[in-house]
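Enquirer: sequence and computational prediction follow.
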Amino acid sequence: MSQFISVFDMLKIGVGPSSSHTLGPWRAAQTWIQKIKENKKFDAIDAIKVDLYGSLSLTGKGHATDIAILLGLSEADPEYIPIEDIAIIVDRINTQEEIYFKGGKTVKFPKNSIKFNREFLPFHANGMTFRGFSKGEEISTQTYFSIGGGFIVQENDNLEEEIEINKKNFPYPINRALQLEEYCEKENLQISDIVLKNELELKSEDEIDFELNRIWETMLECMYIGCHTEGKLPGGLNVKRRAFDTHTKLIKDTSYTNPKEWITAIRSTEVKFREILKWVSCFALSVNEVNAALGRVVTAPTNGSAGVIPAVLMYYLVIENHKADFNHIKKFLLVAGEIGSIFKKNATISAAMGGCQAEIGVSSAMAAAALTELLAGTPAQCLSAAEIAMEHHLGMTCDPIGGLVQVPCIERNSMGAIKAIHAAEIALETNPKECLVHLDNVIDTMWETAKDMNKNYKETSEGGLAVTVRLADC
């Protein structure tokens, strides 16, 4: 049995800097609180302790895992919380050493209530355990695993409550890329058409349009904020925001007052090859600078790789097709989401499991396939574009300096976006029937590479740049 993964599972609105280390733990804390309320244990609990394991412990401080836990326990929602409220809530908890819950209940939460454990739990590299106490007695213990992209599971989850992919539940059950390609050929439909027909089993078309537009508006707002914010990023590396300066040089004296007018303004600028490269880079950098500053982004498929898809989509809107409308945005997001889900089902989108190939590589593949459809590529060419993009990210390690989602993470989004555009162009000039490597082959290879990769290069900050460039040297 395979689990159905919606486009809205792959593209989620949340808060930076990490989907696996911030959004996942945040959701896990929320879920635990909900469970103890359902089990009628919430009122009795007077103390809470949290244990973080493996990668969550090793890079948790830099990834704001502890902050996410505080916010999740406080029952704040990462999708809707005002960004300015985050610091207020966290400062209050740290100062008063108490968690405030909805309804007025408070629980003492001393600063040592979150413990960072270097050991790894067997099931997954990102483990965490929540413990609730009543008068010194432990009355609730739940362990969760953050498996990438904001998804959380428990070790004994058997997906019985998940929607099974089969002909009974969905017109086009998809587990592998080859199945998707066969559906498109048999029905003479584009990838986005097939994906939409499956999504319509869960939501009406109006609901789908509303949610996809909300995702795009969040991406656009994120790019806009990133391109208009200067200064340095938090965390201790003193990384200077670069999108602001690049954007200032590119936009020149063009006038606009909001994100939609901004798109029109960009379309009026010079479009030589170097300027196009700079614009794409600027869009990607802007998103991940917002992400690094705990801003609101769209997990696509992760927070660390959140800049690739909006940058490539924005490229299409401001460079390739000035007449593009929401229908183009809709197709792009539907294709991207489906490609990401195939990677998740057959490999991983967690850097703690597969290195950065699982984040930037997957996001680049998602964007490449989506762009290819908008550029009138066939479904087979779309899958070929995704394969090309991932092929040239195979083996990419995750080695964030100081455990922060900044260096080299931010720049990698720029490179992933450029590779996606290049992959699309190569695929459009290629006969997929003559290709030796199918997308399924490269997904399998990525997973085998992930399993063979030394754990020091899987989001532990114990190898690569994280070791050769120390935080103390910055």
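Expert: Good, I have the coordinates. Residues are numbered from 1 along each chain as shown.

Enquirer: and the residue lying closest to residue 397 once chain neighbours are set aside, what is it in contact with?
Expert: In this structure, residue 397 finds its nearest non-sequential neighbour in residue 457, 3.6 Å apart by CB to CB, 6 or more residues apart in numbering. In this view, the C-beta of every residue, glycine as well, is placed from N, C-alpha and C. The neighbourhood of residue 457, defined by CB atoms under 8 Å, 6 or more residues apart in numbering, consists of 355, 397, 398, 399, 463, 464.

Enquirer: for the spatially closest residue to the last one that is not a sequence neighbour, phi and psi?
Expert: Of all residues not flanking residue 464 in the chain, residue 399 sits nearest, at 2.9 Å (CB to CB, 6+ apart). Here the main-chain torsion angles of residue 399 (degrees, to the nearest 10) amount to phi -140, psi 60.

Enquirer: hang on, residue 399 packs against residue 455?
Expert: No: applying CB atoms under 8 Å as the test, residue 399 and residue 455 come out as separate, 11.7 Å apart.

Enquirer: hang on, the earlier thing: tell me the contacts of the residue nearest to residue 464?
Expert: With contacts defined as CB under 8 Å, 6+ apart, residue 399 is in contact with 356, 408, 457, 461, 463, 464, 465, 466, 467.

Enquirer: switch the cut-off to 7 Å
Expert: Under the criterion of CB atoms under 7 Å, 6 or more residues apart in numbering, the neighbours of residue 399 are 457, 461, 463, 464, 465, 466.

Enquirer: pLDDT at it, what is it?
Expert: Looking at residue 399, its pLDDT is 94.

Enquirer: hmm, back to that, top of the contacts of residue 399 by neighbour count?
Expert: residue 466 (27 neighbours; other CB atoms under 10 Å).

Enquirer: so what's it closest to, chain neighbours aside?
Expert: Residue 466's closest residue in space is residue 399 (CB to CB, 6+ apart), at 4.5 Å.

Enquirer: tell me where the stretch 51-200 of the chain has helices.
Expert: In the stretch 51-200 of the chain, the helices defined using DSSP state H, counting those that start in this stretch lie at 55-58, 65-73, 83-96, 177-187, 191-199.

Enquirer: of those helices, which stretch is the most buried?
Expert: The highest average neighbour count among those, using mean count of other CB atoms under 10 Å, belongs to helix 55-58 at a mean of 28.

Enquirer: how far does it sit from its chain's centre?
Expert: Between the centre of helix 55-58 and the centre of its chain there are 18 Å (CA atoms, centre = their mean, to the nearest Å).

Enquirer: so for that helix, what's the average pLDDT?
Expert: Helix 55-58 shows an average pLDDT of 94 in the prediction.

Enquirer: longest single strand anywhere in this protein?
Expert: Taking residue count as the measure and DSSP state E as the definition, the longest strand of the chain comes out as strand 137-148.

Enquirer: for the stretch 101-250 of the chain, which segments count as strands?
Expert: With DSSP state E, counting those that start in this stretch, the ranges of strands along the stretch 101-250 of the chain come out as 106-108, 114-117, 126-134, 137-148, 151-153.

Enquirer: for residue 467, grab the count of nearby residues.
Expert: Counted by other CB under 10 Å, the residues lying close to residue 467 total 12.

Enquirer: helix or strand for it, which one?
Expert: Here residue 467, judged by DSSP states H and E, is contained in helix 465-468.

Enquirer: quick one on the thing from earlier: could you check the pLDDT of the residue nearest to residue 397?
Expert: Among the per-residue scores, residue 457 holds a pLDDT of 96.

Enquirer: coming back round to it: using PDB, write out every CA atom in the helix holding residue 467.
Expert: The C-alpha trace of helix 465-468 is given here as PDB (Å, rounded to 0.1, in the frame of the first residue of the first chain):
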ATOM      1  CA  LEU A 465      32.000  23.000   5.500                       C
ATOM      2  CA  ALA A 466      30.600  22.800   9.000                       C
ATOM      3  CA  VAL A 467      34.000  21.400  10.100                       C
ATOM      4  CA  THR A 468      36.400  23.200   7.900                       C
END
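
Enquirer: centre of the chain to that helix, how far?
Expert: Averaged C-alpha coordinates place helix 465-468 at 24 Å from its chain's average position (CA atoms, centre = their mean).

Enquirer: what's the answer for stretch 295-309, then?
Expert: For stretch 295-309, the gap between its own C-alpha mean and the chain's C-alpha mean amounts to 4 Å (CA atoms, centre = their mean).

Enquirer: and stretch 52-70, by the same measure?
Expert: When C-alpha coordinates are averaged (CA atoms, centre = their mean), stretch 52-70 and its chain have centres 17 Å apart.

Enquirer: got a list of contacts for it?
Expert: Residues from elsewhere that reach stretch 52-70 (CB under 7 Å, 6+ apart): 17-18, 21-22, 25-26, 29, 50, 90, 93, 114-121, 125-128, 146, 235, 294, 352, 400, 402-405, 458-462.

Enquirer: lovely, talk soon.
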